[in-house]
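In: From the sequence below, what's the structure:
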Amino acid sequence: MKTGSANRVNASALAAKIRPYWLLNKKLHAYVELVGSMPGQGVASMFSFGHSAGVIQGVLGAFEIPVTMVTPSQWKKRAGLTGQDKDASRTLAIQMWPFWRELDKKGAGQAYADAALIAVHGD
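Out: Have a look, this model is predicted:
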């Protein structure tokens, strides 16, 4: 969600997405990408990124969902994407889920693809 000029994770919306799955199966497990800052990123963007990571972990913690942190190299290696370009994960996800139309969008589709492949990593 937009807060001024910053993007923030909406904790209530995230909780609302998780709650139905949690109610059906209280033995959920989350896999979250473990990423850090990159050279050249500004202070404001890093604060926003850290805030988002904290909100996600906080919501998962409130549901008592265990979390495994997965590095990009771990899930990309398992997916066979090591050394490939950034859009390779979206291409793979489209092959795996050909009817998932959100993957067609270059920016948002990339995020969905990465998240889905991280989830598959945890399977």
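In: Any figure for the gap between Ala53 and Ala111?
Out: Using CB to CB, to the nearest Å, Ala53 is found at 14 Å from Ala111. Placement of C-beta: from N, CA and C, glycine included.
In: could you point out where the protein is predicted with low confidence?
Out: Counting by pLDDT under 70, the ranges of the chain that qualify are 1-6, 37-38, 43-45, 123.
In: For this structure, just list every one of the strands.
Out: 2-3, 6-7, 30-33, 67-70 (DSSP state E).
In: Show me which of those strands has the highest average neighbour count.
Out: strand 30-33 (a mean of 18; mean count of other CB atoms under 10 Å).
In: Let me know how buried the residue nearest to Ala79 when sequence neighbours are not counted is, in neighbour terms.
Out: Closest residue to Ala79 in three dimensions, ignoring its sequence neighbours and counting by CB to CB, 6 or more residues apart in numbering: Leu117, at 5.0 Å. Around Leu117 there are 21 other residues, counting by other CB atoms under 10 Å.
In: wait, doesn't Leu117 sit right on Lys77?
Out: No: contact criterion CB atoms under 8 Å: Leu117 and Lys77 do not qualify, at 11.2 Å.
In: Identify the residues contacting the residue nearest to Ala79.
Out: By CB atoms under 8 Å, 6 or more residues apart in numbering, Leu117 lies in contact with 75-76, 79, 81, 89, 92-93.
In: got a winner among the residues you listed for most neighbours?
Out: Most crowded among those, counting by other CB under 10 Å, is Ser89 at 26 neighbours.
In: how near is that residue to Gln110?
Out: 7 Å.
In: Alpha carbons of stretch 71-84, as PDB, please.
Out: The C-alpha atoms that make up stretch 71-84 are tabulated as PDB, following Å, rounded to 0.1, in the frame of the first residue of the first chain:
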ATOM      1  CA  THR A  71      18.600 -17.300   0.200                       C
ATOM      2  CA  PRO A  72      18.100 -16.400  -3.400                       C
ATOM      3  CA  SER A  73      21.000 -18.700  -4.400                       C
ATOM      4  CA  GLN A  74      19.300 -21.600  -2.500                       C
ATOM      5  CA  TRP A  75      15.900 -21.400  -4.300                       C
ATOM      6  CA  LYS A  76      17.400 -20.500  -7.600                       C
ATOM      7  CA  LYS A  77      19.800 -23.500  -7.500                       C
ATOM      8  CA  ARG A  78      16.900 -25.800  -6.700                       C
ATOM      9  CA  ALA A  79      14.800 -24.300  -9.600                       C
ATOM     10  CA  GLY A  80      17.800 -24.700 -12.000                       C
ATOM     11  CA  LEU A  81      18.100 -20.900 -12.400                       C
ATOM     12  CA  THR A  82      21.600 -20.300 -11.200                       C
ATOM     13  CA  GLY A  83      23.400 -17.800 -13.500                       C
ATOM     14  CA  GLN A  84      20.300 -17.000 -15.500                       C
END
